[in-house]
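Peer 1: structure here, sequence nowhere to be found:
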(Lines give C-alpha, C1' and ligand atoms only; values in the text may rest on other atoms or scores of the structure.)
Protein backbone atom coordinates (compact mmCIF):
# COMPACT_ATOMS: atom_id res chain seq x y z
CA UNK A 1 0.00 0.00 0.00
CA UNK A 2 2.84 2.39 0.82
CA UNK A 3 4.37 1.86 -2.62
CA UNK A 4 1.00 2.53 -4.28
CA UNK A 5 0.59 5.76 -2.29
CA UNK A 6 4.12 6.82 -3.20
CA UNK A 7 3.51 6.11 -6.89
CA UNK A 8 0.23 8.05 -6.79
CA UNK A 9 1.93 10.98 -5.10
CA UNK A 10 4.71 11.04 -7.69
CA UNK A 11 2.14 10.77 -10.51
CA UNK A 12 0.32 13.80 -9.07
CA UNK A 13 3.57 15.73 -8.85
CA UNK A 14 4.47 14.91 -12.46
CA UNK A 15 1.01 15.99 -13.61
CA UNK A 16 1.48 19.38 -11.95
CA UNK A 17 4.96 19.73 -13.48
CA UNK A 18 3.88 18.90 -17.02
CA UNK A 19 0.83 21.17 -16.95
CA UNK A 20 2.85 23.99 -15.37
CA UNK A 21 5.62 23.61 -17.97
CA UNK A 22 3.10 23.86 -20.82
CA UNK A 23 1.40 26.90 -19.27
CA UNK A 24 4.71 28.66 -18.64
CA UNK A 25 5.86 27.92 -22.20
CA UNK A 26 2.71 29.36 -23.73
CA UNK A 27 2.02 32.26 -21.37
CA UNK A 28 5.20 32.98 -19.42
CA UNK A 29 6.02 32.37 -15.77
CA UNK A 30 4.54 35.54 -14.33
CA UNK A 31 1.31 35.23 -16.34
CA UNK A 32 0.78 31.64 -15.23
CA UNK A 33 -1.34 31.53 -12.10
CA UNK A 34 -1.94 28.74 -9.62
CA UNK A 35 -5.62 28.68 -10.56
CA UNK A 36 -4.69 28.06 -14.20
CA UNK A 37 -2.70 24.99 -13.19
CA UNK A 38 -5.33 23.70 -10.78
CA UNK A 39 -8.15 24.07 -13.30
CA UNK A 40 -6.27 21.99 -15.85
CA UNK A 41 -5.15 19.31 -13.42
CA UNK A 42 -8.36 19.09 -11.40
CA UNK A 43 -6.29 19.19 -8.22
CA UNK A 44 -6.78 21.18 -5.03
CA UNK A 45 -4.49 23.81 -3.56
CA UNK A 46 -3.72 21.35 -0.80
CA UNK A 47 -2.45 18.84 -3.35
CA UNK A 48 -0.33 21.52 -4.98
CA UNK A 49 1.24 22.76 -1.75
CA UNK A 50 1.91 19.18 -0.67
CA UNK A 51 4.44 18.99 -3.51
CA UNK A 52 5.56 22.61 -3.95
CA UNK A 53 5.97 25.23 -1.25
CA UNK A 54 5.60 28.12 -3.67
CA UNK A 55 5.26 29.10 -7.31
CA UNK A 56 8.99 29.84 -7.35
CA UNK A 57 9.75 26.29 -6.21
CA UNK A 58 7.49 25.00 -8.97
CA UNK A 59 9.34 27.14 -11.51
CA UNK A 60 12.66 25.74 -10.33
CA UNK A 61 11.34 22.18 -10.68
CA UNK A 62 10.12 22.94 -14.21
CA UNK A 63 13.58 24.26 -15.08
CA UNK A 64 15.41 21.33 -13.47
CA UNK A 65 13.14 18.42 -14.32
CA UNK A 66 11.19 19.30 -17.46
CA UNK A 67 13.17 21.81 -19.51
CA UNK A 68 16.59 20.40 -18.65
CA UNK A 69 15.43 16.84 -19.40
CA UNK A 70 14.04 17.81 -22.81
CA UNK A 71 17.20 19.70 -23.81
CA UNK A 72 19.39 16.82 -22.70
CA UNK A 73 17.42 14.21 -24.59
CA UNK A 74 17.37 16.17 -27.83
CA UNK A 75 20.68 18.04 -27.85
CA UNK A 76 23.12 17.26 -25.04
CA UNK A 77 23.07 13.49 -24.56
CA UNK A 78 23.86 12.65 -28.21
CA UNK A 79 26.97 14.83 -27.97
CA UNK A 80 28.12 12.98 -24.84
CA UNK A 81 28.15 9.57 -26.50
CA UNK A 82 31.46 7.93 -27.28
CA UNK A 83 32.62 8.91 -30.74
CA UNK A 84 30.26 11.91 -30.98
CA UNK A 85 31.39 14.40 -33.61
CA UNK A 86 30.24 17.38 -35.65
CA UNK A 87 28.24 14.86 -37.67
CA UNK A 88 26.29 14.08 -34.50
CA UNK A 89 25.44 17.75 -34.10
CA UNK A 90 24.44 17.97 -37.76
CA UNK A 91 22.13 14.98 -37.31
CA UNK A 92 20.38 16.71 -34.40
CA UNK A 93 19.93 19.85 -36.49
CA UNK A 94 18.57 17.84 -39.40
CA UNK A 95 16.18 16.02 -37.08
CA UNK A 96 14.94 19.38 -35.73
CA UNK A 97 14.43 20.61 -39.29
CA UNK A 98 12.33 17.58 -40.18
CA UNK A 99 10.27 17.52 -36.98
CA UNK A 100 6.95 19.28 -36.48
CA UNK A 101 8.09 22.30 -34.46
CA UNK A 102 4.97 24.43 -34.83
CA UNK A 103 4.46 24.87 -31.08
CA UNK A 104 8.10 25.77 -30.55
CA UNK A 105 8.19 28.38 -33.32
CA UNK A 106 4.89 29.83 -32.10
CA UNK A 107 5.93 30.12 -28.45
CA UNK A 108 9.73 30.02 -28.63
CA UNK A 109 12.30 27.92 -26.79
CA UNK A 110 11.07 27.06 -23.25
CA UNK A 111 14.61 27.35 -21.89
CA UNK A 112 15.44 30.76 -23.33
CA UNK A 113 11.95 32.14 -22.73
CA UNK A 114 12.17 31.35 -19.04
CA UNK A 115 15.81 32.44 -18.80
CA UNK A 116 15.00 35.83 -20.34
CA UNK A 117 11.97 36.31 -18.14
CA UNK A 118 13.63 35.29 -14.89
CA UNK A 119 17.09 36.81 -15.43
CA UNK A 120 16.41 39.56 -12.90
CA UNK A 121 13.54 37.89 -11.04
CA UNK A 122 14.71 34.62 -9.53
CA UNK A 123 18.38 33.74 -9.12
CA UNK A 124 17.82 30.03 -8.45
CA UNK A 125 15.71 29.48 -11.57
CA UNK A 126 18.13 31.49 -13.66
CA UNK A 127 21.10 29.52 -12.31
CA UNK A 128 19.43 26.19 -13.08
CA UNK A 129 18.77 27.26 -16.67
CA UNK A 130 22.30 28.61 -17.01
CA UNK A 131 23.68 25.23 -15.94
CA UNK A 132 21.74 23.54 -18.73
CA UNK A 133 22.94 26.10 -21.27
CA UNK A 134 26.53 25.81 -20.11
CA UNK A 135 26.54 22.02 -20.36
CA UNK A 136 25.03 22.30 -23.85
CA UNK A 137 27.74 24.74 -24.91
CA UNK A 138 30.45 22.59 -23.35
CA UNK A 139 29.36 19.51 -25.27
CA UNK A 140 29.34 21.45 -28.55
CA UNK A 141 32.84 22.66 -27.72
CA UNK A 142 33.95 19.10 -26.95
CA UNK A 143 32.88 17.68 -30.31
CA UNK A 144 34.45 20.61 -32.16
CA UNK A 145 37.72 20.17 -30.27
CA UNK A 146 37.66 16.42 -30.78
CA UNK A 147 37.15 16.72 -34.54
CA UNK A 148 39.81 19.40 -34.73
CA UNK A 149 42.32 17.16 -32.95
CA UNK A 150 41.44 14.36 -35.38
CA UNK A 151 42.25 16.62 -38.31
CA UNK A 152 38.64 16.85 -39.47
CA UNK A 153 38.23 20.57 -38.76
CA UNK A 154 40.47 23.48 -39.66
CA UNK A 155 43.32 24.21 -37.24
CA UNK A 156 42.45 27.92 -37.27
CA UNK A 157 39.02 27.44 -35.69
CA UNK A 158 38.47 28.89 -32.23
CA UNK A 159 36.33 26.06 -30.83
CA UNK A 160 35.09 28.04 -27.83
CA UNK A 161 33.99 30.95 -29.98
CA UNK A 162 32.34 28.60 -32.48
CA UNK A 163 30.47 26.78 -29.71
CA UNK A 164 28.95 30.04 -28.49
CA UNK A 165 28.10 31.02 -32.06
CA UNK A 166 26.43 27.69 -32.86
CA UNK A 167 24.33 27.71 -29.71
CA UNK A 168 23.29 31.36 -30.11
CA UNK A 169 22.48 30.76 -33.79
CA UNK A 170 20.23 27.85 -32.90
CA UNK A 171 18.39 29.92 -30.31
CA UNK A 172 18.20 32.82 -32.74
CA UNK A 173 16.61 30.55 -35.33
CA UNK A 174 13.83 29.71 -32.90
CA UNK A 175 13.34 33.35 -31.90
CA UNK A 176 13.30 34.53 -35.52
CA UNK A 177 10.49 32.15 -36.39
CA UNK A 178 8.15 33.32 -33.59
CA UNK A 179 6.71 36.43 -35.31
CA UNK A 180 6.06 34.38 -38.46
CA UNK A 181 4.33 31.50 -36.65
CA UNK A 182 5.93 29.38 -39.33
CA UNK A 183 8.61 26.71 -39.41
CA UNK A 184 10.01 28.04 -42.72
CA UNK A 185 12.37 30.68 -41.21
CA UNK A 186 13.44 28.19 -38.55
CA UNK A 187 14.32 25.53 -41.12
CA UNK A 188 16.10 28.02 -43.37
CA UNK A 189 18.19 29.23 -40.41
CA UNK A 190 19.13 25.68 -39.44
CA UNK A 191 20.14 24.95 -43.01
CA UNK A 192 22.46 27.97 -42.81
CA UNK A 193 23.87 26.65 -39.54
CA UNK A 194 24.52 23.25 -41.12
CA UNK A 195 26.31 24.99 -44.00
CA UNK A 196 28.42 26.81 -41.40
CA UNK A 197 29.41 23.49 -39.84
CA UNK A 198 30.38 22.18 -43.26
CA UNK A 199 32.54 25.26 -43.72
CA UNK A 200 34.57 24.33 -40.63
CA UNK A 201 35.87 21.20 -42.29
CA UNK A 202 39.47 20.89 -43.40
CA UNK A 203 39.46 20.37 -47.14
CA UNK A 204 41.76 17.78 -48.70
CA UNK A 205 44.22 19.10 -51.29
CA UNK A 206 43.02 16.24 -53.48
CA UNK A 207 39.34 17.20 -53.29
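Peer 2: Structure's in. What do you need? Bear in mind the structure is a predicted one, so any value in this text is a computation, not a measurement.
Peer 1: tell me which other helices or strands the helix or strand that residue 138 is a member of touches.
Peer 2: Using DSSP states H and E, residue 138 maps to helix 123-149. Helix 123-149 sits against helix 55-61, helix 68-71, helix 77-80, helix 86-98, helix 110-118, helix 159-177, with contacts defined as 3 or more C-beta pairs under 8 Å, 6 or more residues apart in numbering; DSSP states H and E. Any C-beta I mention is one placed from the backbone N, CA and C, and that applies to glycine too.
Peer 1: out of these, which is closest to residue 194?
Peer 2: helix 86-98 (5.5 Å; C-beta to C-beta).
Peer 1: neighbouring contacts of whatever helix or strand comes next after the closest one?
Peer 2: Toward the C-terminal end, the helix or strand that comes next after helix 86-98 (DSSP H and E) is helix 102-107. Helix 102-107 has contacts (C-beta atoms under 8 Å, 6 or more residues apart in numbering) with 25-26, 113, 174, 177-178, 180-183, 185-186.
Peer 1: chain center to helix 102-107: distance?
Peer 2: Relative to its parent chain, helix 102-107 has a centroid offset of 13 Å by C-alpha atoms, centre = their mean, to the nearest Å.
Peer 1: buried set for it?
Peer 2: Buried positions in helix 102-107, judged by neighbour count with 16 or more other C-beta atoms under 10 Å: 104-105, 107.
Peer 1: just give me the closest of those residues to residue 37.
Peer 2: Nearest member of the buried residues of helix 102-107 to residue 37, counting by C-beta to C-beta, is residue 107, at 17.1 Å.
Peer 1: so for the helix holding residue 138, mean pLDDT?
Peer 2: The average pLDDT within helix 123-149 is 97.
Peer 1: what does stretch 73-82 give?
Peer 2: Here the average pLDDT along stretch 73-82 is 96.
Peer 1: for residue 60, what are its contacts?
Peer 2: Contacts of residue 60 (C-beta under 8 Å, 6+ apart): 122, 124-125, 128.
Peer 1: ok, back up a step: turn the helices and strands packed on helix 123-149 into JSON lines, including distance to residue 44.
Peer 2: As requested, those are arranged in JSON lines below (distance: least, C-beta to C-beta, whole Å):
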{"stretch": "helix 55-61", "distance to residue 44": "15"}
{"stretch": "helix 68-71", "distance to residue 44": "27"}
{"stretch": "helix 77-80", "distance to residue 44": "37"}
{"stretch": "helix 86-98", "distance to residue 44": "39"}
{"stretch": "helix 110-118", "distance to residue 44": "26"}
{"stretch": "helix 159-177", "distance to residue 44": "36"}
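Peer 1: which among these is found nearest to residue 134?
Peer 2: helix 159-177 (9.9 Å).
Peer 1: shaky segments in the chain?
Peer 2: 1-4, 100, 204-207 (pLDDT under 70).
Peer 1: redo that, cut-off 50
Peer 2: Residues of the chain meeting the criterion pLDDT under 50: 1, 4, 205-207.
Peer 1: next up, the contacts around the nearest residue to residue 28 once chain neighbours are set aside.
Peer 2: The spatially closest residue to residue 28, leaving aside those adjacent along the chain, is residue 117, at 5.8 Å (C-beta to C-beta, 6 or more residues apart in numbering). Residues in contact with residue 117 (C-beta under 8 Å, 6+ apart) are 28-30.
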